[in-house]
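In: Sequence first, predicted model second:
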Amino acid sequence: MRLSLMRRISQGVGLLLGLFGFTGIGVTHIIFPGLHCYACPLSVTICPIGLMQNLVIYGAVPYFWIGMIVAYGLAAGRGFCGWFCPFGMLNDLLSFNKTRISKSLSYSKFAVLVGTIVTAWAFADTMFCKLCPAASIEASIPYLLMGVAHVNRPFIIHMISLGVVLVGMLLIARFWCRYLCPMGAVLSLFNRVSFLHLKLDSSRCSRCNACAAACPMGLKPYEEYDSHNCIKCGKCTTACSLDALTLTFSPQRTS
Amino acid sequence: MMWRSALVTLALILLFSAVLIASTGDLKYVDSILDLTTSYYPQAVQLSSDPISGLTEPTYSGTPTYASMMLAGRSFALVLDRDGSNGKLYVDADESKVLSPVDWMQRLWDGSYVGSASFQLRASDGNGVRAYHLFLVWSPTTPTVIIYFRDNYQEGRIELGGVRYKIAIIDENSDGMFDDLEHDLLLIDLDRDGELLASSDSHEQYWLNAPFNIDGTVYAAASVSADGSKIVIDKSDAWVEPKVPLAVGFPAPDFSVVDADGEKLSLSSLEGKIVVLDFWASWCAPCLDELPYVEAIAKDYADRGVVVIGVDLDRDEGAFTGVVSYFGLTYRQVLDGADGKVSSLYRVSGIPMTYLIDRDGIIRGKGLRGDDLKQAIVSSLATVAHAPLAQESILSFAVSPVEIVLSPASTARFQLSIDNTSSHPADGIAVRLVEADGFSLDPTEADLEAVQPFSKGTLDLKLSSSPDVPIGTDEIALQVIYTYCIDISCFQIVDEVPLTVVVSKGVAPAATTTTRELPVWLLMSIVGGLVVVGIVLWRLAGVRLPLYVALSMAVIGSLTYGVILGQHEQAQGIAAVLCTSCVGIDEASGEAPSLSDSAISALAGLEKRIELIVFYAPWCHTCPYAEAMVKQMAERTGLLSYRFVNVDTNRDLAASSGVIRSKRMIVPAILCVDTGDVIFGIEDLEARLLKLLGGGS
């Protein structure tokens, strides 16, 4: 099966899991391996970043969270951004301008992650959620339609942040995933040990740059195949006519 | 021959006198309990999709789930045929393996269905069956659980000390057996008014294994037959004080104490005044909520002959003075925590608790709060009764080592593990030794601030013996006192933990050390260390295997321990409750609400009583505003009553009250009990609340 089709199906599964609440099963114990608001009326999973903030507020050692997140990281690292996350999928669909990534700016998502933790602790509130564009789409708008929410200042703030991020996505492919996503930051820590990973056979590589042109994250896969920014979408592997890049699922070995 | 006859005669005399001393009562089955009590201890069985073999099953319209319920040591099959939010319940009530349907008699306001069924319990000797009526409850919001509890009791009469009393026994743990005395209740009509008064602070209710005092003679149940048809009550060697009646209409028991200002205070000295006793404690949040209101009553009605006495159950004077100065309380206070003189006299088990005592010293109201209290004072006639919530221990204890071995004039270490298996935090845990000659705890009292829900705590303790302690094995006990709150009621629990102490000569100190479990933080640090080592090996030596092993250990260890601690439930709980400010649906307001003039006049126009329930979560930032608004409205009209329900600890009630949208509880939510209408959030709350009350446009 073509990789791109497999990925669309996998993203579809991610979206289905994200919206599985239509079956009426309610919230489960599963932490979602991506950025997906648990307040979403159809969500059956727990947002890892929302939960993380709550656990920071509670001040308990989050064993369950750590266990799940490390398991996800070990399995695919940021592969969930490329293959599963519904908000990543939205980024994907708006990926028109695959400009080169700014490496130094890409660390800003770690700043967002640290800021999320620090503000949760300092204000004892889920401050990130009030700005989160995924929550704008998945919570603010649905609850407005359900008559629970109202057009008020928090709603407008949500819409502004959503608007800004959408414009960013239109101008720069995967803008949110590249520079801002705190969940991407968490998963990126595992990118170099995750089972799902990109493998480069440098003997086959002609450094033609075709993979770089295809990379939605603006990486040069033939140089940065194990970058923390790689979302393992595999577009580079299809773009490469020499089969120098492959996506595999196995423990990573030091080449 | 003569000796033998004398022995037989003596034996016969003894036998007869035993029969004469002990009183026997025959009890008959009563098929409904609602005329006796409406409180109950629910039991639950979990439904699963695993079928029960051998059942003759009907054609189901939905998906069947199965459970087995134990009654009188036998297993009874329950099958719930669930079709969406509809469920049909079938039971095998007579062990025939043939299922018969249970008709739902009623649907409660919280959406749950109530049915009842009469089970046929076989006697243990296999001869005969007896009926056992049960309530069965199913709620579509907790679809995998069937709640059940007894709907029957055994009633009869018994002669004690020449007087015939009406008695009843209740199978309180609904297990179909009456011979487990510590779990079942005895009701005895001590005031001979023909009514059996069932409540946890009733003078007529006792656990079946507890002694009771009638006119100076102490009795206790000696035996009860498993089917509850026979009870033998005998005189007891134990001594217990008689329970004074605390019901409305009875004289309030007198007490004489020194109040917090060092002045003598007795109830009898206040004859001619209307007295309000308010039992509170610093650890009881609902009590603290009530204090400003009580203070207002004390001030407003002081010149009309109303005396308010606060009885604080705190053991710590600092906590007491802190609360008194914070709320600026001016009415008289009794610091009752140390000896519990007043609270034990009034058998206060759950607080907040109030007593309203009239000018003649007669109890006129119990458990009154807010406006109810005010109205009862004004009329001084109100007789609103309040059934206190059940209280029970939520902690379990283990002592390590099981036997503490020490020599005279020495010290041994031991560890007390405290396991909280409930969903409520246990606070202010204080441990001390129940007085025992020759032993002392060092220091005399140990404290643990709290044990969180589904968590464990440990205390390292030292037991010292005096030089003159006798050699041998001693049974002594630790007393553990702690508090916890459910919703708006708080309880102080006193538990005893037995200690077995072996005193022997010449025990080397080394033998007194205890085995200790490896603490979790150490294990976690080891795993964390392994991850670091793994990373170092990978970066320096290019070997990744140790890192994979360490990360896998981290995953398995963290997930397992997290699940043991119930963190998966906590995570689900967080996700299942949506606080409107949390994802930015509402804006949390730090300011207190203030009612507009039009709202105040609209409230004045209310014509009927309305009850509101405010659902909140302790961590919700918008909830205090909603609570304050409802409170303010209630202060403006006597017709509005309200209560606050914490959805974290009262999920079922919240879930079944319509405070739910797409399987999520949204807080703050305000439910109008009469209409079932709910409003969420705090945006434009005043207008929406008025509309909910029917007083606005």
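Out: Cool, the structure landed. Because the structure is a prediction, the values reported are computed rather than measured. Numbering: from 1, shown residues only, chains lettered A, B, ... in the order given.

In: If you count contacts, what does the helix or strand containing B:K28 end up packed against?
Out: Element membership of B:K28 [criterion: DSSP states H and E] is strand B:23-30. Applying 3 or more CB pairs under 8 Å, 6 or more residues apart in numbering or on different chains; DSSP states H and E, we find strand B:23-30 packed against strand B:153-160, strand B:163-170, strand B:230-235. Glycine gets a C-beta too; all of them are placed from N, C-alpha and C.

In: biggest helix in chain B by residues?
Out: Longest helix in chain B by number of residues (criterion: DSSP state H): helix B:520-541.

In: Show me what counts as buried in the next helix-or-strand element following the strand holding B:K28.
Out: Later in the chain than strand B:23-30, the nearest helix or strand by DSSP H and E is strand B:43-46. By neighbour count on 16 or more other CB atoms under 10 Å in any protein chain shown, the buried set for strand B:43-46 is B:Q43, B:V45.

In: burial measure for B:W619, as a count.
Out: Other residues near B:W619 come to 18 when the count uses other CB atoms under 10 Å in any protein chain shown.

In: Find me whatever residue is spatially closest to it, sequence neighbours aside.
Out: Distances taken as CB to CB, 6 or more residues apart in numbering or on different chains place A:I57 nearest to B:W619, at 6.6 Å, with adjacent residues excluded.

In: picking up where we left off before, now the helices and strands packed on strand B:23-30 as JSON lines including mean pLDDT, distance to chain A and mean neighbour count?
Out: Output for the helices and strands packed on strand B:23-30, formatted as JSON lines (pLDDT from 0 to 100; distance: least, CB to the nearest CB, whole Å; neighbours: other CB atoms under 10 Å in any protein chain shown):
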{"stretch": "strand B:153-160", "mean pLDDT": "91", "distance to chain A": "38", "mean neighbour count": "19"}
{"stretch": "strand B:163-170", "mean pLDDT": "89", "distance to chain A": "36", "mean neighbour count": "20"}
{"stretch": "strand B:230-235", "mean pLDDT": "92", "distance to chain A": "47", "mean neighbour count": "18"}
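
In: who wins for proximity to B:V307 among those strands?
Out: Ranking those by proximity to B:V307 (CB to CB) places strand B:163-170 first, at 37.0 Å.

In: Summarise which helices and strands that closest one is packed against.
Out: strand B:23-30, strand B:153-160, strand B:185-188.

In: do that again at 6 Å, thanks
Out: strand B:153-160, strand B:185-188 (3 or more CB pairs under 6 Å, 6 or more residues apart in numbering or on different chains; DSSP states H and E).

In: Can you add distance to B:G681 and give the ones you listed back as CSV?
Out: CSV is the format used below for these (distance: least, CB to CB, whole Å):
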stretch, distance to B:G681
strand B:153-160, 46
strand B:185-188, 44
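
In: Quick one: residues in contact with the strand holding B:K28.
Out: B:Y153, B:Q154, B:E155, B:G156, B:I158, B:E159, B:L160, B:G228, B:S229, B:I231, B:V232, B:I233 (CB atoms under 6 Å, 6 or more residues apart in numbering or on different chains).

In: distance of the residue nearest to B:E159 when sequence neighbours are not counted from B:V673?
Out: Counting by CB to CB, 6+ apart, B:E159 lies nearest to B:S23, which is 5.5 Å off, once chain neighbours are set aside. Separation of B:S23 from B:V673 (CB to CB, to the nearest Å): 47 Å.

In: swap in B:T141?
Out: From B:T141 over to B:V673 (counting by CB to CB), the distance is 17 Å.
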